[in-house]
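Q: Here is a sequence with its predicted model. Questions after.
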Amino acid sequence: MATTFIKNGWYAAAWTEEIGPQLIERWICGDPLVMFRDRDGKAIALDGTCPHRSYPLALGRLKDDVLECGYHGLAFGTDGRCVRAPGGEPVQPAMRVRSYRLVERGGLIWIWPGDPALADASKIVDWWLTDPAWTTVHDTKLVNARQSLLIDNLMDLTHEASLHMGTLGNAAVIETPLITETLPDHVRATRMMLDIPPPGLFAQMGLSGTIDRGQVAEFHPPGLCLTIVTAKPRTENAPTLRWTVLHALTPETEDRTRYLWATARDYALDDERISDIWLTQTNSIFDQDVAALEAQEQRLRATPKPIELSVAADAGALAARKMLRTWPQ
Amino acid sequence: MATTFIKNGWYAAAWTEEIGPQLIERWICGDPLVMFRDRDGKAIALDGTCPHRSYPLALGRLKDDVLECGYHGLAFGTDGRCVRAPGGEPVQPAMRVRSYRLVERGGLIWIWPGDPALADASKIVDWWLTDPAWTTVHDTKLVNARQSLLIDNLMDLTHEASLHMGTLGNAAVIETPLITETLPDHVRATRMMLDIPPPGLFAQMGLSGTIDRGQVAEFHPPGLCLTIVTAKPRTENAPTLRWTVLHALTPETEDRTRYLWATARDYALDDERISDIWLTQTNSIFDQDVAALEAQEQRLRATPKPIELSVAADAGALAARKMLRTWPQ
Amino acid sequence: MATTFIKNGWYAAAWTEEIGPQLIERWICGDPLVMFRDRDGKAIALDGTCPHRSYPLALGRLKDDVLECGYHGLAFGTDGRCVRAPGGEPVQPAMRVRSYRLVERGGLIWIWPGDPALADASKIVDWWLTDPAWTTVHDTKLVNARQSLLIDNLMDLTHEASLHMGTLGNAAVIETPLITETLPDHVRATRMMLDIPPPGLFAQMGLSGTIDRGQVAEFHPPGLCLTIVTAKPRTENAPTLRWTVLHALTPETEDRTRYLWATARDYALDDERISDIWLTQTNSIFDQDVAALEAQEQRLRATPKPIELSVAADAGALAARKMLRTWPQ
């Protein structure tokens, strides 16, 4: 498990509403950060450890945009520079913490943990989170498993027919071959299931008869998966439903991943009941994934030399791994 | 603690009644296995980890003698061969798990974790478990201590006079010298205590006056200890009582041991009250051992270079260790 | 964290009243010991692990000044020599545990874990614990942090103005420069705060108006800090109050420290209410330290290469570290 985190990339650090005037600690790619909003409401992320004596800065106090360490009172500005040391002595320039590049968009606060000079906000994938033609619900799971297992999970959706049988899965999922494409900046694995009965969750959305189910799994390095779904009824004149699931997979440590998920739909935009179904059902289904991922993580940790044999359905996941291996760190 | 498990040997994997149509996971010699019974009632043990993506097979489903992995649905027969992969693609021959050699006898399911070509069921020691002239009770303890500590414990029964004083022990136990024999396939340590008062548990069995107490501790590699007891009253015409305690010590991991125990007696065969005493008292006494063994394990883990000085009473335990060191692995 | 414990020095092992006829286990500098009093009331400390099979001796029995191991019954005298082995066989001279040099003074039992030939009881610092002109209260905290963090904490009292603002700290603490002296056998860091308002705890002691607050932090290797306080009111004729806080910091393991503290005052000697305030408030304030120290320890453990930048206020703590580095081990 000698993971090297890929730092030059956008990760989802938090949902907009999680960050406010209170200090919270959040781990990103192995490092503890402290997050808060300044007086203007701008989200701030600083290294979360005081460079004086390693006290967690999230245990300190925020006053007038100055974060004061709770142990000895060293104070830092939102740019990370130490503005005050005990006794009012001159502060050495090295006494500072890093201030991270953040972008707030579509309800998420994105962070760039790597070289700030390389951060390009136009690379953030969020079109449907920011588009008013889509309605979203979202939530977070903290998963005690390494990030790569979550990417595997989301790029090989055959597991729907086993782990999520009855809600997302039916026989068509495993019977339909996968088309995998490696594009310049992401991997796409497509499964087009024609004239199939709608699985349970689809039926709950009002679909009946048979449908053409389109399923696209995308991986955008270093930490974003999308599941893009179309459900087109074979019945004449029945409307096609579309939804997209965002899975922002932010490594907190080598073996813990923050999983921020959202679903966006282009139908029944104002229907609270449909939103409720999406929130409840997605949480319920993803809890199955979390349990499976944590069991898998435990097993891998207990196994000195795990075997790993692949099948055709792994093509998308394997392409994602390959892209990640060669991604600039 | 660089244990190398001895795999060429019979270990008790489970009690007969523990294994049924449901999947259970059991660790044997460092490896997780999945156990169940097939439609004919035959006990099956397979490697417990899916070779595809390391998901625990015990979290899967069993249907018509096919074990289907709960994550992606790879399916395995009772011989361990993969019979179905997602999408119905041809399965590579390497996609299989090991099926273990099992023997069900005397209420126990015995497993051979090593080379199947060497497995000889005639080597299983169980005569008194299968003999109708004996009545048995049994139970299981999971002990957070390495197996070798349990063997030491059972081959040096002087601890009865300290840890179990009043039930199994009295002064005679430490005052009587031990006769140790190393036989071709087991070690035997004998203590013959003549004309002694019966300890508490013996008195509960109805013995009074003084007795001749015979105590034989046997170790049969790699994981079986027996305590063979005779209690012969000095009173004329009073019957001799005999009982044997089986201690099947199956290493689950380096520092966890499954301890399946049974007591068998050749008297009061149908007396439920005596059976109850055996079950209750043995559990109570062995709980004292478990607490001691776990304290010892903790202390050894906390001690980089533990001292170990031996006394004469260790002869049986030392002979057992020596036999184990040279046992074919 | 490759600590080497300094063993040639006096550590506080226990409060007098903690040790009695019952066996208790106590860890000192990485080693488990067993402590008790003999029939004459003399405190005894022996190695806490049986050299036979590593069973914790504190789980044994004490009878007539003989400690009997609870597992196999090996018995040890208060000098550590084995006086009895199972079967009454002659005991090899190597079968013994170490008996430690102890000194009971001022309510504390001091231990010398190193070379007994070097133990000089006149080096124990305790004048105010044994002086009837002072009244003391005391208690213990077990801290999940390495000892060095506690020394840092107590030799850099600027943290009072941050962690203990309102009780011990106010602005004067950080505004007043520190005078650090390295003496032959201890380090002293002095802060003289003139004409300042009394912080909360000082006000509770009845001080009002402004005061001259003298604060001396001393470190006596290997494990004793003292905080020596004078509070002299500027009001004419108002009496000066003095108190001293002992902080005996005994490393139990690399990352756990037993913290025995006492406060001694030279005023209101018989006033139970003042004693109650000292006991309650000190516990409450030190709980803040414990929480901070454990947060710091956790952060250091989670950080492969922690940064450590110092400021002027660290002078006392840095001098203490330097003295400890060159202390004879």
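A: The structure has been received and is ready for your questions. Numbers count the residues shown, from 1 in each chain, chains lettered A, B, ... in the order given.
Q: Would you point out the helix or strand in chain A whose mean pLDDT is lowest?
A: Using mean pLDDT, DSSP states H and E, helix A:127-130 stands out as the lowest-scoring helix or strand of chain A, at a mean of 79.
Q: Show residues contacting it.
A: A:105, A:106, A:107, A:108, A:134, A:136, A:244, A:246, A:262, A:264 (C-beta atoms under 8 Å, 6 or more residues apart in numbering or on different chains). From N, CA and C alone the C-beta is placed, and that goes for glycine too.
Q: now for the helix or strand just after that helix, which elements pack on it?
A: Once the chain leaves helix A:127-130, the next helix or strand it forms, by DSSP states H and E, is strand A:135-143. Secondary-structure packing of strand A:135-143 (3 or more C-beta pairs under 8 Å, 6 or more residues apart in numbering or on different chains; DSSP states H and E): strand A:256-265, helix A:272-302.
Q: Is there proximity between the longest one and chain B?
A: Yes - in terms of C-beta under 8 Å from any C-beta of the partner chain, part of helix A:272-302 sits within range of chain B, namely A:292, A:295, A:296, A:299, A:300, A:302.
Q: what sits against residue A:212?
A: Residue A:212 neighbours (C-beta under 8 Å, 6+ apart): A:192, A:193, A:194, A:195, A:196, A:230, A:231, A:232, A:234.
Q: which of those residues has the most neighbours?
A: Among the contacts of residue A:212, residue A:231 has the most neighbours (other C-beta atoms under 10 Å in any protein chain shown), with 25 neighbours.
Q: What strand or helix carries it?
A: Taking DSSP H and E as the definition, one finds residue A:231 inside strand A:224-233.
Q: Same question for residue A:217.
A: Using DSSP H and E, the element containing residue A:217 is strand A:211-220.
Q: now the angle from the strand holding residue A:231 to strand A:256-265?
A: Per axes from the mean of the first three to the mean of the last three C-alpha atoms, to 10 degrees, the angle that strand A:224-233 makes with strand A:256-265 is 30 degrees.
Q: Can you tell me what sits against strand A:224-233?
A: Identification of contacts with strand A:224-233 by C-beta under 8 Å, 6+ apart yields A:10, A:12, A:125, A:150-151, A:154-155, A:157, A:198, A:202, A:205, A:207-220, A:239-249.
Q: element containing residue A:247?
A: For residue A:247, the enclosing helix or strand under DSSP H and E is strand A:241-253.
Q: Show me what that strand is packed against.
A: Using 3+ C-beta pairs under 8 Å, 6+ apart: strand A:241-253 touches strand A:11-15, strand A:24-28, helix A:127-130, helix A:147-155, strand A:224-233, strand A:256-265.
Q: so which of these gets nearest residue C:287?
A: Ranking those by proximity to residue C:287 (C-beta to C-beta) places strand A:24-28 first, at 21.1 Å.
Q: same for that closest one, what does it pack against?
A: For strand A:24-28, the elements it packs on are strand A:11-15, strand A:31-37, strand A:241-253, strand A:256-265, judged by 3+ C-beta pairs under 8 Å, 6+ apart.
Q: Point out the most buried one among those strands.
A: Greatest average neighbour count among the helices and strands packed on strand A:24-28 goes to strand A:11-15 (a mean of 24), per mean count of other C-beta atoms under 10 Å in any protein chain shown.
Q: That one pairs with which strands, and in what direction?
A: Using DSSP bridges, the strands paired with strand A:11-15 are strand A:108-112 (antiparallel).
Q: tell me the angle the strand it pairs with makes with strand A:135-143.
A: Put simply, strand A:108-112 runs at 50 degrees to strand A:135-143, going by the same axes, to 10 degrees.
Q: Go ahead and confirm residue A:288 touches residue A:162.
A: No - counting by C-beta atoms under 8 Å, residue A:288 stays clear of residue A:162, with 10.2 Å between them.
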